[in-house]
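*Asks:* got a structure for you, letters missing:
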């Protein structure tokens, strides 16, 4: 073998993926809309600690804050100024909704959209 042939030798290197973090790979959980609504609802009570609620449900606080922002932006939910002093009561053909010092009573003939308008107006005051 000539000297030129030895200059052409090569080495084969093999590599395997290296994890940058020593922690195990994170598994992602899928949350149902019902679970999200329940957890977000817990955070809307006056004096609620969002980070503590997130931790008790196995969530990162930033994820729960994102769910809250999305729920508030949709207009579907709004935080209560204080916990209701009286529970919501249902009668046969009437609903009574207590929001702070305001009581809204609606009969069965009230259109849902109209009732929603009234509730929004009460929340603004």
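*Replies:* Yep, that arrived. Just so you know, these numbers come straight off a predicted model, no measurement behind them.
*Asks:* ranges for the strands of the chain?
*Replies:* With strands called from DSSP state E, the chain shows them at 89-90, 94-99, 102-107.
*Asks:* ends of stretch 47-58, what's the gap?
*Replies:* 20 Å (C-alpha to C-alpha, to the nearest Å).
*Asks:* for the strands of the chain, which one sits closest to residue 66?
*Replies:* strand 94-99 (26.8 Å; C-beta to C-beta). To be clear about C-beta, it is placed using only N, CA and C from the backbone, and glycine gets the same treatment.
*Asks:* what pairs with the closest one, and is each one parallel or antiparallel?
*Replies:* strand 89-90 (antiparallel), strand 102-107 (antiparallel) (DSSP bridges).
*Asks:* ranking the strands of the chain by burial, who's on top?
*Replies:* strand 94-99 (a mean of 15; mean count of other C-beta atoms under 10 Å).
*Asks:* rounded mean pLDDT for it, please.
*Replies:* Averaging pLDDT along strand 94-99 gives 76.
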